[in-house]
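>>> Got a predicted model here, sequence first, then my questions.
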Amino acid sequence: MIFSGNKTIEVKEYQNNSVTTKYAHLLSINNHNDINVNGWKLSIAIARALCSNQLNRREFYFDIIQSILNLSFLIHGQSNDLRLNSTRIHRLRDFSRTNKIGELGQGITWLYLEEESDYPFVADFNYFCEINGIHVPPNSSTPDFVSQDTNHSTKICLAESKGKELNSKTTIKKSLKKGLKQCDYGEILIKKKQPFKVAKKLVFCSEFSNENDPSNSNLHFTDPNKEIIEFSENELIYKLHYASWFYLIGDFSNVERLIKGRAINFDEKRFEKIELNKTSFWTIPFLNRFILENYISQLPIEIYPRFIINGINLKLGISVRVVDYLRSKKARKNELIESISESNYEIFRDGTLIYNLKRNKE
């Protein structure tokens, strides 16, 4: 079963000049609260980061399933802070090990952007470029994400996620510096396509320890920014952000509508309305008719039973206010709400929800 209970990862920010200046030591600045995660919250973050890569490709759903199933083995269950399970990570081949750590790092980055930053609506950078007609040369090194502010404006943030083990030979400074170059190149590409303007570049390096290491895991980042005065409204990234939620429930008709910038068709009969923390949500089982019709029958038989066990009591939700806005713009633009972690549910700041009916019994 995916690990329950909150685990922490420490957050450290560094002065940009100390990252970019040769031979300079990294200079820590500001104080940041730890990020708290549990298995279900982290699995949703990884899933939405994964599927945002190609929202029009349904086969990414199988990568999501695999990632959710693997998370229970990848994270050490007994540690209070988020640590890798050494027996699992050391059994993986080098390329698999790198991929798993990279996915985990992207999930942490997605969570930071969505939960902690001023740019909470997150989309994949390359996919954003693809549907905007921005040519990304083959084999070029670009940032992972592009994110948008609460005003749905053309001021955007580029974000790159790096992931490494504590004892890796790659240094934090080298990782952050490389990420800044990727963001710089991403800005060059976006400048060719108006009206978007890069107001912020965030580069993260998730450094993961295991249960035998003396140090905790850390999320390192640097945050160079510049002031953008002239900007306008554009909802593309905002809609791509919520398209990844509809991807998770298997509703590809609405994924396609959001990709094209259209209003969604929302069949309320498929959903159950509930009230949590004075917010109304539409909820749907993780194993719902969309999923059963499109995916479950195609799952390899060896993982089918475990997938059913993990998903049978799980519900995903989205706030009524967000749905109203996406289908008719009846709600206010800034639908961010308080992020809440309770015994059997997680409310994300973007108004989405994961509700585990059995978690309070674990």
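In hand now; what should we look at?
>>> looking at it, I274 is touching I284, isn't it?
No - with contacts counted by Cβ atoms under 8 Å, I274 stays clear of I284, the gap being 10.9 Å. C-beta coordinates here come from the backbone N, C-alpha and C atoms, glycine included.
>>> For these two, indicate the residue with more neighbours.
More neighbours surround I284 than the other of I274 and I284, with 21 against 16 (other Cβ atoms under 10 Å).
>>> Pull out the buried positions in whichever strand or helix holds the more buried one.
Using DSSP states H and E, I284 sits in strand 279-285. Neighbour-count burial for strand 279-285 flags T279, F281, W282, T283, I284, P285 (criterion: 16 or more other Cβ atoms under 10 Å).
>>> Format those residues as JSON lines; extra columns: pLDDT and distance to K181.
Converted to JSON lines, the buried residues of strand 279-285 look like this (pLDDT from 0 to 100; distance: Cβ to Cβ, whole Å):
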{"residue": "T279", "pLDDT": "93", "distance to K181": "41"}
{"residue": "F281", "pLDDT": "96", "distance to K181": "41"}
{"residue": "W282", "pLDDT": "97", "distance to K181": "42"}
{"residue": "T283", "pLDDT": "95", "distance to K181": "43"}
{"residue": "I284", "pLDDT": "92", "distance to K181": "42"}
{"residue": "P285", "pLDDT": "86", "distance to K181": "44"}
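>>> who touches F221 in this structure?
Counting by Cβ atoms under 8 Å, 6 or more residues apart in numbering, F221 touches V11, K12, E13, Y14, Y112, L176, L202, V203, F204, C205.
>>> Roughly how far does I108 sit from T21?
Here I108 is placed at a distance of 26 Å from T21 (Cβ to Cβ, to the nearest Å).
>>> who's more crowded, these two?
I108 (26 against 13).
>>> That one reaches T8, doesn't it?
No - the criterion here is Cβ under 8 Å, and I108 misses it with T8 at 11.6 Å.
>>> what do the two both touch?
What both I108 and T8 touch, as defined by Cβ under 8 Å, 6+ apart, is the set I35, V37.
>>> how is the chain carved up into domains?
Taking automatic domain parsing as the domain assignment, the ranges for the chain are 7-222, 248-361.
>>> Check the secondary structure at the closest residue in space to F246 that isn't next to it in sequence for me.
The spatially closest residue to F246, leaving aside those adjacent along the chain, is N254, at 4.5 Å (Cβ to Cβ, 6 or more residues apart in numbering). Three-state secondary structure (criterion: DSSP: H, G, I helix; E, B strand; the rest coil) places N254 in helix.
>>> related to what we said a few turns ago, joint contacts of I274 and I284?
Common contacts of I274 and I284 (Cβ under 8 Å, 6+ apart): G317.
>>> Please enumerate the strands of this protein.
Applying DSSP state E to the chain gives strands spanning 7-14, 28-29, 35-37, 121-124, 145-148, 155-165, 197-208, 218-222, 272-276, 279-285, 314-319, 340-341, 345-347, 352-356.
>>> Highest mean neighbour count out of those?
Greatest average neighbour count among the strands of the chain goes to strand 145-148 (a mean of 27), per mean count of other Cβ atoms under 10 Å.
>>> List the contacts of the residue lying closest to L84 once chain neighbours are set aside.
Leaving out its chain neighbours, the residue that sits closest to L84 by Cβ to Cβ, 6+ apart is N210, at 4.4 Å. By Cβ under 8 Å, 6+ apart, N210 lies in contact with H76, R83, L84, N85, S86, I89, E165, L166.
>>> please redo it, this time with the cut-off set to 10 Å
75-76, 79, 83-90, 165-167, 217 (Cβ atoms under 10 Å, 6 or more residues apart in numbering).
>>> Also N254?
242-243, 245-247, 262-267, 290, 326-327.
>>> Which of the helices and strands in the protein ranks last by mean pLDDT?
When each helix and strand of the chain is scored by mean pLDDT, DSSP states H and E, helix 304-311 comes last, with a mean of 47.
>>> pLDDT score assigned to I303?
I303 carries a pLDDT value of 46.
>>> Could you tell me which ranges of the stretch 251-362 of the chain sit under the pLDDT cut-off?
289, 291-312, 330-334, 357-362 (pLDDT under 70).
>>> mind redoing it with 50?
Counting by pLDDT under 50, the stretch 251-362 of the chain shows low-confidence ranges at 301-309, 311, 359-362.
>>> Do you have the helices of the stretch 1-150 of the chain handy? List them.
In the stretch 1-150 of the chain, the helices defined using DSSP state H, counting those that start in this stretch lie at 16-20, 39-51, 60-74, 86-89, 94-116, 125-131.
>>> Return the most buried member of those helices.
helix 39-51 (a mean of 25).
>>> Would you mind measuring from the closest residue to I131 other than its chain neighbours to L55?
In space, and not counting its chain neighbours, I131 is closest to I259: 6.4 Å by Cβ to Cβ, 6+ apart. I259 is 6 Å from L55, where distance means Cβ to Cβ.
>>> ok, back up a step: for the strand holding I284, the distance to its chain's centre please.
Computed by Cα atoms, centre = their mean, to the nearest Å, the separation of strand 279-285 from the middle of its chain amounts to 20 Å.
>>> go on, stretch 28-41?
14 Å.
>>> Give me the mean pLDDT for it.
Stretch 28-41 comes out at a mean pLDDT of 90.
>>> cool, and stretch 5-13?
92.
>>> mind listing what E338 touches?
In this structure, E338 makes contact with N277, K278, T279, I347, R349, judged by Cβ under 10 Å, 6+ apart.
>>> does the last one really touch S339, like I thought?
It refers to R349. Yes - using Cβ atoms under 10 Å, R349 is in contact with S339, at 4.5 Å.
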